[in-house]
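[1] My questions concern the predicted model and sequence given below.
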Amino acid sequence: MAVTPDEVLNKIKEIVPKFGVNPDDVKAESTLEDLDMDSLDVVEIMQAIEDDFSIRVPDEDLEELSTIGDAVTAVVKNG
């Protein structure tokens with residue numbers, strides 16, 4: 001079953017409070033800097049998303065992430 005962008009964005013919003021981020025601040029155009037997150041936080045979020053949706057996002061796709069929208073696109077592409 002294909003994963004929709006809305007499903008991915010909603011999952012990210014469920015996960016980010018663990019990192020001290022307000023889910024209302026998470027927008028497609030948000031960068032790591034906007035959300036005061038680092039690359040390790042993104043790795044943890046992506047692992048949780050991969051587990052939840054039973055998918056794998058290749059490392060080369062993960063290296064290209066600069067916004068929440070990029071993460072959503074990578075998950076949808078690989079879902």
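    Cool, the structure landed. Numbers count the residues shown, from 1 in each chain.
[2] Can you say which helix or strand has the closest residue to residue 72 other than its chain neighbours in it?
    Of all residues not flanking residue 72 in the chain, residue 8 sits nearest, at 4.5 Å (CB to CB, 6 or more residues apart in numbering). (Each C-beta comes from the backbone N, C-alpha and C, glycine too.) Secondary structure from DSSP states H and E places residue 8 in helix 5-15.
[3] contacts for that helix?
    Residues outside helix 5-15 that contact it (CB atoms under 8 Å, 6 or more residues apart in numbering) are 23, 26, 28, 45, 48-49, 52-53, 68, 71-73, 75-76, 79.
[4] I'd like to know which of the residues you listed is nearest to residue 35.
    Residue 35 lies nearest to residue 26 out of those, by CB to CB, at 6.9 Å.
[5] which ones are touching that closest one?
    9, 12-13, 16, 35, 68.
[6] Output these in CSV, with pLDDT and neighbour count appended to each entry.
    Converted to CSV, the contacts of residue 26 look like this (pLDDT from 0 to 100; neighbours: other CB atoms under 10 Å):
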residue, pLDDT, neighbour count
9, 95, 19
12, 94, 21
13, 96, 16
16, 94, 21
35, 94, 20
68, 94, 26
